[in-house]
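*Asks:* fold the stuff below for me.
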Amino acid sequence: MKRRLHLLGAGLHLWREQGTAVLIQRYLLRRGPAVPRLSRFRIFLTSLWPRAVPVSRDPEVSIILPGNDRRSLASIIHSVRDTKYEVVESAAKASGRLLLLLRRDILLATGCVEALLDVFARRPGCGAAGAKVLRPDGRLESAGGIIGSEGTTSNLGEGGDPNRPEYNYVREVDFCTGALLVPREVFVESEVEPEHEIDLCLELRRRGRTVWYQPAAHVYHFGKKERPPQPTVRARDRSLDPAVLVIDHQVPMSDRDAGSLFMTRFLQTVAASGYHVVFWPDNLLRGKYGAALQQEGIEVVYGPLSFEHFVQTYGRIFSFAVVCRATMAGKYMPALRRAGIPAGYIAVDLEHVREERRTHDQRLVEALKERERTIVQAAACIGVHSPVEAQLLRDELAVDAVVELPLPLTQPREDSPGVEGRSGLLFLGSTHQPNVDAIRHFAEQLLPRVRERLGDVRLNIAGDVCAAVRDLGGSRSLRLLGHVDDLSHCFDESRVFVAPMRFGAGIKGKILEAMNHGIPVVTTPIGAEGIGLVHGETAMIAENDDAFVDHVVELYSNAELWRKIHLASRRFVQETSSERAFRDAVDRFLSCLSKQAATQSRSEKQGASGGV
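*Replies:* Predicted coordinates for the structure are as follows:
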């Protein structure tokens, strides 16, 4: 009751402050996608639909439909959209590369087959992919199954809410029932009957294949089902040991800013290292980016949940946690400490350094430094993007367990067009305050001086930063592009990338991306900090406004200098920002965190027992 009253109060506050539309959007995003309920009347009408079964000469999937189940057949006709398939009564008559084994009284929801196929496309060695099984009223019947140590079988989530986070990420399981996609050759070799899904999955795993649960594939079961014994908390996932909890302010939107790209790649790399990754966004919203992470096997937490309750309930499955950003560390690390979960910390940048450069307010700077000191001293290991900031932590805050985590690239470029045909300047950024300040200063103070010397040169501004500088859009000298899904054409068409950063900290991902795409960069010492750029070799670095204007003009008009920096900068990022370099850095961070967490745990146990 207390929890419901709290949610009601929060909802009323949100409605008063931001209106009905925002309240509804927030509710839907927290709950996740709705699971449609199917009535028996609708099923009856569906079974009478007169469409014939499509006939494919070269089917990719053969759907094994037991008996003459008109309802199941009707659901197949209406749900399979983009896949060549056939419907047969037995595997002996199948010609498809894959078999979809259906139980009686199973109805497929739209996109089910395509979602199961996606599992095979993403996961080499996959032996079977199973669907989320729902009851006619929309409640969950099975989210995959686990076999206990005594041989008992447990269907996860029986009778529960299918929208709960733990039932909505792709994961390895012991078995799936209801609708199971398997390679035809493997099924024939197993010599298991289609209706014996558990035996089939066990045989596949014995042969070294894996079995996966796909929550994006929905099927409805209209037969009777006895409730099996429920699994324990640890039985939620076969891979829960070891597990790591990662916390950030929101689900990363990898195509929006460098910090989000880093977090997305970090989550993917940790998962690829053998950890079960649980991601807790502070706003508890999922959206399309969270759904994409779930398809990669990352458990994204969302909905009206209490963090204290969450860590008290599931805390024992986590080897350690990772908290990103100082604001999140201040909020979550005390609760992690109370739950006995060792925590690492990733600093997007050092706040006290950024604010000292922006305001020169020493009281504010000292307060931020003290907060960061408290955080890093409580953390088992600290990750930073810049070697300069790593050294600052060692020197000013006396921290030893520091690992440099480079910013990854969106996609390494194999080639890039030359100077011919390029025109204009380009800036890219999020709504982060250093970006807003940089592009406003350049557009208002420096661009007119550049145009006096180069003529009608246009500045293109891409990214969410455009929302913060809309008032600049009336000028013919610049164009606000806003968010661009694929920036390749922007990089390939522009001649010079400008990054006139006047304050900030950390590594500037926009500069690395520009260099990766082969567009020469003009920046400031703050923009170049920590990257290792050399003026006149890998970039042009300006100490003041006059020099910045001069370097833009020189780089724009001197084709020989342009080609020199174009080649050198691409070679530089390929050597320093490769996928291997990023993976190795994350591995070092995880190793450091694991060792420090183990040491911290031993110390706490000794303290509790009175040891020294």
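*Asks:* stretch 528-546: end-to-end distance?
*Replies:* 18 Å (C-alpha to C-alpha, to the nearest Å).
*Asks:* show me which residues of that stretch are buried.
*Replies:* 528-531, 533, 538-542, 545 (16 or more other C-beta atoms under 10 Å). (Each C-beta comes from the backbone N, C-alpha and C, glycine too.)
*Asks:* quickly name whichever of the residues you listed is closest to Leu117.
*Replies:* Here the nearest of those to Leu117, counting by C-beta to C-beta, is Ile531; it sits at 41.8 Å.
*Asks:* would you mind listing the outside residues contacting stretch 255-269?
*Replies:* Contacts to stretch 255-269, defined as C-beta atoms under 8 Å, 6 or more residues apart in numbering, come from residues 246, 248, 252-254, 277, 279, 293, 296, 298, 324, 346, 348, 385, 405, 407-408, 410, 429-430, 432, 463-464, 483, 485, 507-510, 512-513, 582-583, 586.
*Asks:* can you give the distance of stretch 294-308 from its chain's centre?
*Replies:* Shown here is stretch 294-308, whose average C-alpha point lies 12 Å from the average C-alpha point of the whole chain (C-alpha atoms, centre = their mean, to the nearest Å).
*Asks:* and stretch 284-299, by the same measure?
*Replies:* Once both centres are worked out by C-alpha atoms, centre = their mean, stretch 284-299 turns out to sit 6 Å from its chain's centre.
*Asks:* same for the top helix by length along the chain, what does it pack against?
*Replies:* Secondary structure of the chain read by DSSP state H shows that its longest helix is helix 579-608. In terms of contacts (3 or more C-beta pairs under 8 Å, 6 or more residues apart in numbering; DSSP states H and E), helix 579-608 is packed against helix 258-272, strand 318-324, strand 343-347, strand 402-404.
*Asks:* how close does the spatially most central residue of the chain sit to Gln250?
*Replies:* For the chain, the residue whose C-alpha lies nearest the mean C-alpha position (C-alpha atoms, centre = their mean) is Thr264; its distance is 3.9 Å. In this structure, Thr264 and Gln250 are separated by 12 Å, where distance is defined by C-beta to C-beta, to the nearest Å.
*Asks:* would you list every one of the helices in the stretch 201-350 of the chain?
*Replies:* Listed in chain order, the helices of the stretch 201-350 of the chain (DSSP state H, counting those that start in this stretch) span 258-272, 287-295, 307-314, 326-338.
*Asks:* circling back: winner for burial among the helices and strands packed on helix 579-608?
*Replies:* Each of those was given a mean neighbour count from mean count of other C-beta atoms under 10 Å, and the largest, a mean of 26, is that of strand 343-347.
*Asks:* what residues does whatever helix or strand comes next after that one touch?
*Replies:* Along the chain past strand 343-347, the next helix or strand (assigned with DSSP states H and E) turns out to be helix 351-358. In this structure, residues lying in contact with helix 351-358 by C-beta under 8 Å, 6+ apart are 326, 361-362, 364-366, 368-369, 371-372, 389, 392, 433-434, 437, 502-506, 526.
*Asks:* beyond helix 351-358, next helix or strand please.
*Replies:* Reading on from helix 351-358 to the C-terminus, the next helix or strand found by DSSP H and E is helix 362-378.
*Asks:* buried ones in that following helix?
*Replies:* Of all the residues in helix 362-378, those buried under the rule 16+ other C-beta under 10 Å are 365, 368-369, 371-373, 375-376, 378.
*Asks:* then stretch 434-447?
*Replies:* 434-443, 446-447.
*Asks:* repeat that for stretch 385-397.
*Replies:* Neighbour-count burial for stretch 385-397, counted by 16+ other C-beta under 10 Å, picks out 385-390, 392-393, 397.
*Asks:* show me the longest strand that occurs in this protein.
*Replies:* Ranked by residue count, the top strand of the chain under DSSP state E comes out as strand 210-221.
*Asks:* among the buried residues of stretch 528-546, name the ones in helices.
*Replies:* In helices, judged by DSSP H, the following of those are found: 528, 545.
*Asks:* pLDDT-wise, what's the bottom of the buried residues of stretch 385-397?
*Replies:* Comparing pLDDT over these, the lowest score belongs to Leu397 (75).
*Asks:* right, and that residue touches Glu372 too?
*Replies:* Yes. The criterion here is C-beta atoms under 8 Å, and Leu397 meets it with Glu372 at 6.9 Å.
*Asks:* which helix or strand contains the nearest residue to Val80 once chain neighbours are set aside?
*Replies:* Nearest-residue entry for Val80: Val113, 5.0 Å, with adjacent residues in sequence omitted and distances by C-beta to C-beta, 6 or more residues apart in numbering. Using DSSP H and E, Val113 sits in helix 112-122.
*Asks:* list the buried residues for that helix?
*Replies:* Neighbour-count burial for helix 112-122, with 16+ other C-beta under 10 Å as criterion, is recorded at 112-120.
*Asks:* returning to that earlier point: can you redo the buried residues of stretch 385-397 as JSON lines with distance to Ala559 and secondary structure?
*Replies:* As requested, the buried residues of stretch 385-397 are arranged in JSON lines below (distance: C-beta to C-beta, whole Å; DSSP: H, G, I helix; E, B strand; the rest coil):
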{"residue": "His385", "distance to Ala559": "33", "secondary structure": "coil"}
{"residue": "Ser386", "distance to Ala559": "33", "secondary structure": "coil"}
{"residue": "Pro387", "distance to Ala559": "33", "secondary structure": "helix"}
{"residue": "Val388", "distance to Ala559": "33", "secondary structure": "helix"}
{"residue": "Glu389", "distance to Ala559": "37", "secondary structure": "helix"}
{"residue": "Ala390", "distance to Ala559": "38", "secondary structure": "helix"}
{"residue": "Leu392", "distance to Ala559": "40", "secondary structure": "helix"}
{"residue": "Leu393", "distance to Ala559": "43", "secondary structure": "helix"}
{"residue": "Leu397", "distance to Ala559": "47", "secondary structure": "coil"}
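*Asks:* turn those residues into JSON lines, including distance to Val182.
*Replies:* Output for the buried residues of stretch 385-397, formatted as JSON lines (distance: C-beta to C-beta, whole Å):
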{"residue": "His385", "distance to Val182": "44"}
{"residue": "Ser386", "distance to Val182": "49"}
{"residue": "Pro387", "distance to Val182": "50"}
{"residue": "Val388", "distance to Val182": "53"}
{"residue": "Glu389", "distance to Val182": "50"}
{"residue": "Ala390", "distance to Val182": "49"}
{"residue": "Leu392", "distance to Val182": "55"}
{"residue": "Leu393", "distance to Val182": "52"}
{"residue": "Leu397", "distance to Val182": "55"}
